[in-house]
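[1] Got a predicted model here, sequence first, then my questions.
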Amino acid sequence: MNDELYIRLAIEFSQKGMDSGSGGPFGCVIVKDGEVIGHGYNQVTTTNDPTAHAEIVAIRNACKAIDSFQLEGCVVYTSCEPCPMCLGAIYWARPDRLVYACSRQDAAAIGFDDDFIYQEIPLQSSERKIKTEQLLQEEGVKVMELWKTKKDKIDY
Ligand SMILES: Nc1ccnc(=O)[nH]1
């Protein structure tokens, strides 16, 4: 089955990234109509970019390849269940489907925070590890109101 072929490719990228010293053991490929249009592996520690997860790198690569900010009709194959940041990016990109190999618990077992961050999300902001406050909502909303009526906007 093709899903197995592509998830195996994502796993190969996880190994390739790790072996090359690029970052953590995570790989991702994005497929549209049976063609790989994007790929990526984790590059956090070599690019000093905490957002350079395999999935983010692959989404950027795929979107550039098809000149679009949406991945409709695409399938995302990733060697590990996406962390909340990457899951958010995947939702914003709107692919049709997501397939993963390792789980967030597998990632936790080798020292990664994916599962911890998932546990933070349902907490009240006052209970989260990173102290969070809301300030100047009214001033912020004024700009948002302008977006509502902006004529030349590209909706997403
Ligand atoms: N799921 C992931 C966790 C950490 N890094 C990644 O690239 N992917």
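    Thanks, I have it.

[2] Enumerate the residues of the chain near the ligand.
    Within the chain, the positions adjacent to the ligand are 24, 26, 42, 53, 54, 80, 82, 83, 86, 107, 112, 114 by CB under 6 Å from any ligand atom. The C-beta positions use only the backbone N, C-alpha and C, and glycine is treated the same way.

[3] Which two among those residues are spaced furthest apart?
    Checking the residues of the chain next to the ligand against each other with CB to CB, the farthest-apart pair comes out as 24 and 82, at 13.3 Å.

[4] on that earlier part again, among the residues of the chain next to the ligand, which are in helices?
    Those of the residues of the chain next to the ligand mapping onto helices are 54, 86, 107, 114, per DSSP state H.

[5] Show me where this structure dips below the pLDDT cut-off.
    Per-residue confidence of the chain (counting by pLDDT under 70) places the weak regions at 1.

[6] Out of the ones in helices among the residues of the chain next to the ligand, flag the one nearest to residue 146.
    The nearest one, if we look at these relative to residue 146 and count by CB to CB, is residue 86, at 30.7 Å.

[7] just the helices in this structure please.
    Using DSSP H, the helices of the chain run over 2-19, 44-47, 54-66, 84-93, 104-109, 114-120, 137-149.

[8] Distance from the last one to the middle of the chain?
    It stands for helix 137-149. Mean-position distance between helix 137-149 and its chain equals 28 Å (CA atoms, centre = their mean, to the nearest Å).

[9] What helices and strands are in contact with it?
    Under the contact criterion of 3 or more CB pairs under 8 Å, 6 or more residues apart in numbering; DSSP states H and E, helix 137-149 touches no helix or strand at all.

[10] Dump that helix to CSV, restricted to CA.
    Extracted as CSV, the C-alpha positions of helix 137-149 are listed here (Å, rounded to 0.1, in the frame of the first residue of the first chain):
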residue,chain,number,x,y,z
GLN,A,137,-7.2,43.6,24.3
GLU,A,138,-9.2,46.6,23.2
GLU,A,139,-6.2,48.3,21.4
GLY,A,140,-5.4,45.0,19.7
VAL,A,141,-8.9,44.4,18.5
LYS,A,142,-9.0,47.8,16.8
VAL,A,143,-6.6,46.5,14.2
MET,A,144,-8.6,43.3,13.9
GLU,A,145,-11.7,45.2,13.2
LEU,A,146,-10.0,46.9,10.3
TRP,A,147,-9.2,43.5,8.7
LYS,A,148,-12.9,42.7,8.7
THR,A,149,-13.6,45.5,6.2
